[in-house]
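# what shape does this take:
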Amino acid sequence: MILAIESSCDDSSISITKIDTLELIFHKKISQELEHSFYGGVVPELAARLHIEALPKILEECEEYLPQIKAVAVTNAPGLSVTLTEGVAMAKAVSIALNIPIIAVNHLKGHIYSLFIEKEEKFPITVLLVSGGHTQVIEANSLDDMQILAKTMDDSFGESFDKVSKMLNLGYPGGPIIEKYSQNGDCNRFTFPIPLSQSPKIEFSYSGLKNAVRLKIDELEGTSLESQDISDVCASFQKTAVDHILQKLKKLFKQKTIKDFAIVGGASANLYLRRELEKLCSSYGTNLHLSDLKYCSDNAAMIGRVAIEQYKNKDFINIEDLDIKTRLKDY
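Numbers count the residues shown, from 1 in each chain. You can find the predicted model right below:
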């Protein structure tokens, strides 16, 4: 079995996966959303302290499996430096205590492998990764052959939901909150500009859309910002944010034939985005692949799934060489 640790941001998670059958034997995640909601976003130092408390508690629950662990995997990039450090420190301790090798896992590859938890990997596949930190399209041919086809120029899809929620004083995390309010809103009431709609390039941007929403909120607050206004702003914003993705993906689909397409990442749990991408893929005869909702956000199960493939390739790292990287330029 492989023990995997995830602490790249504000979720403390550990999993244990069988190497030969891909069976997920143990998986637990402790979310910090409640603690960070007071601040309207993740506070790195607070997140690190909470990891120090949560990770050992979860590891205690894994004690019965420790004699069967053949390697320890850990997210070491990308992410917040102070939170990555906690997971890496635990991985080193486990490696020394059990005398087993360490596998360093790219967190973004983890999101792609969330599609394959308890399943065989399926390549090639084109993937849209949408989260609080990333918005990019990846052409994934294998574990070690992944290329970024498009990415955001500034803010991410998920981050824009957090910011709009904060503008409306609705709380954190913004993704599920905006989606909930949108269900009672009129998505056509407010017309926000679709970013880069006139640009032939396949790239993303959310800074301008956020500013347009801010100006509309300021305008409404100048008169009266009622509950229906809030729902309508949320619905109109969500529609525009998704329309931006759809416009760029249509350009990509016209340029190349894509047989299999997937959406992963925390923001891929947005049901409106899923429905619209189902329609788009259907119109192009493309198979759409989705992660289970419980595996969309950061979790150790996806890290463990990547680690199995790296274990088969004997892709280990010396304990002295294991460090953290807050950013990655590629896969």
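# so which residue is dead centre in the protein?
Residue closest to the average C-alpha location in the chain (Cα atoms, centre = their mean): residue 265, at 2.8 Å.
# which residues does that one contact?
111, 129, 130, 131, 134, 158, 296 (Cβ atoms under 8 Å, 6 or more residues apart in numbering). Glycine gets a C-beta too; all of them are placed from N, C-alpha and C.
# may I have the phi/psi pair for it?
Note on residue 265: backbone dihedrals following degrees, to the nearest 10 are phi 100, psi 160.
# separation between it and residue 304?
18 Å (Cβ to Cβ, to the nearest Å).
# and for residue 223?
Residue 223 is 52 Å from residue 304, by Cβ to Cβ.
# so these two - more neighbours on which side?
residue 304 (35 against 8; other Cβ atoms under 10 Å).
# secondary structure element for the more buried one?
Assessed by DSSP states H and E, residue 304 sits inside helix 300-312.
# centre of the chain to that helix, how far?
Centroid separation for helix 300-312 versus its chain: 16 Å, with Cα atoms, centre = their mean, to the nearest Å.
# elements contacting that helix?
Applying 3 or more Cβ pairs under 8 Å, 6 or more residues apart in numbering; DSSP states H and E, we find helix 300-312 packed against strand 2-6, strand 11-17, strand 24-31, strand 71-77, strand 102-106, helix 107-113.
# single out the most deeply packed of these.
strand 2-6 (a mean of 29; mean count of other Cβ atoms under 10 Å).
# tell me what that strand is packed against?
strand 11-17, strand 71-77, helix 81-98, helix 300-312.
# what does it contact?
12-17, 19, 29, 55, 62, 65-66, 69-75, 87, 90-91, 94, 103, 105, 107, 110, 298-304, 307-308, 311.
# any idea how far the residue nearest to the centre of the chain lies from residue 130?
Counting by Cβ to Cβ - residue 265 and residue 130 are separated by 5 Å.
# mutual contacts of these two, please.
Shared contacts of residue 265 and residue 130, counting by Cβ under 8 Å, 6+ apart, come down to residue 158.
# could you export the helix or strand of the chain with the lowest mean pLDDT as CSV, CA atoms only?
When each helix and strand of the chain is scored by mean pLDDT, DSSP states H and E, helix 33-37 comes last, with a mean of 90. Extracted in CSV, the C-alpha atoms of helix 33-37 (Å, rounded to 0.1, in the frame of the first residue of the first chain):
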residue,chain,number,x,y,z
GLU,A,33,-13.2,26.3,5.6
LEU,A,34,-14.9,27.3,8.9
GLU,A,35,-11.7,28.7,10.4
HIS,A,36,-10.8,30.7,7.3
SER,A,37,-14.3,31.9,6.5
